[in-house]
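Q: Okay, here's the prediction I keep looking at, along with the sequence it came from:
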Amino acid sequence: MDNENKTPAEETVPAETEETVEKQTEEAAEQQAPQAETPNPLEEALKEKEKEYLYLRAEYDNFRRRSAREKTEAYSNAKADAAQKFLPVYDNLERALQHGTEDEAFLKGVEMTMNQLKQVLESLDIHPIEAVGKPFDPNLHNAVMHIEDPELGENVVAACFQTGFKMGDKVIRFAMVQVAN
């Protein structure tokens, strides 16, 4: 009766053979598993080269950014150095204007020269530092004198002896000032 419910394939395969086939399948799977875990040398080499490529690409990007920043800084420093050489001319023109003269043509020529120098400095993004009446800031001002003045607040710039200049946020020359109280 048992043979009636079995398929022809089940009738011909003894139980012993089924166990053998199962063992052989398990052994084959075990043999293949270690082979799958063993990396292929070509795949390892490819992964290593990919890592090297990504590292070199990152290095190149860093180099490019650093070079661009250094180029900008070099230009900015050169511009500041060149402008600093012209600041004594600015000081002399400022003194000449403060001193005054009776020769109107001479005074007009000095004023025109001073205006032209101011325009050149502004075109280079170089601006004078405001000082008189402002709070003393050691990042912008160089205090060379101190006075007591009840009309001015504490640490307020009372007078400016030499104009300071900034290029953007960088101080080219500190303002030489007198501080009150």
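A: On my side now, so go ahead.
Q: contacts for stretch 100-111?
A: Residues outside stretch 100-111 that contact it (CB atoms under 8 Å, 6 or more residues apart in numbering) are Leu93, Ala96, Leu97. In this view, the C-beta of every residue, glycine as well, is placed from N, C-alpha and C.
Q: If you count neighbours, what's buried in that stretch?
A: Val110 (16 or more other CB atoms under 10 Å).
Q: list the contacts for Phe174?
A: Phe174 neighbours (CB under 8 Å, 6+ apart): Ile129, Leu140, His141, Asn142, Gly164.
Q: Buried by neighbour count, from the contacts of stretch 100-111: which ones?
A: Buried among the contacts of stretch 100-111 by 16+ other CB under 10 Å: Leu93, Ala96.
Q: The contacts of stretch 100-111 in helices, which ones?
A: Leu93, Ala96, Leu97 (DSSP state H).
Q: ok, and the closest non-adjacent residue to the first one?
A: Read that as Leu93. Once flanking residues are discounted, Leu93 sits nearest to Met114: 4.4 Å by CB to CB, 6 or more residues apart in numbering.
Q: hang on, that neighbour in a helix?
A: Yes. Assessed with DSSP: H, G, I helix; E, B strand; the rest coil, Met114 lies in a helix.
Q: My guess is it contacts Gln98. True?
A: No. Contact criterion CB atoms under 8 Å: Met114 and Gln98 do not qualify, at 11.0 Å.
Q: quick one, helices of the protein?
A: Here the chain has its helices, by DSSP H, at 2-5, 8-12, 15-37, 41-99, 104-123.
Q: of all those, which lies closest to Leu152?
A: Checking those against Leu152 by CB to CB gives helix 41-99 as the closest, at 21.6 Å.
Q: Give me the helices and strands touching the closest one, please.
A: Applying 3 or more CB pairs under 8 Å, 6 or more residues apart in numbering; DSSP states H and E, we find helix 41-99 packed against helix 104-123, strand 126-128, strand 165-167, strand 170-173.
Q: Just the pLDDT at Glu94, thanks.
A: Looking at Glu94, its pLDDT reads 93.
Q: how much space is there between it and Ala159?
A: 14 Å (CB to CB, to the nearest Å).
Q: Check Ile126 too.
A: In terms of CB to CB, Ile126 sits 23 Å off from Ala159.
Q: hang on, the earlier thing: what subset of the contacts of Phe174 is buried?
A: Counted by 16+ other CB under 10 Å, the contacts of Phe174 give Ile129, Leu140, His141, Gly164 as buried.
Q: Count the neighbours of the nearest residue to His146 once chain neighbours are set aside for me.
A: Using CB to CB, 6+ apart and skipping residues adjacent in sequence, the residue nearest His146 is Val179, 5.4 Å away. By the measure other CB atoms under 10 Å, the count of residues near Val179 is 20.
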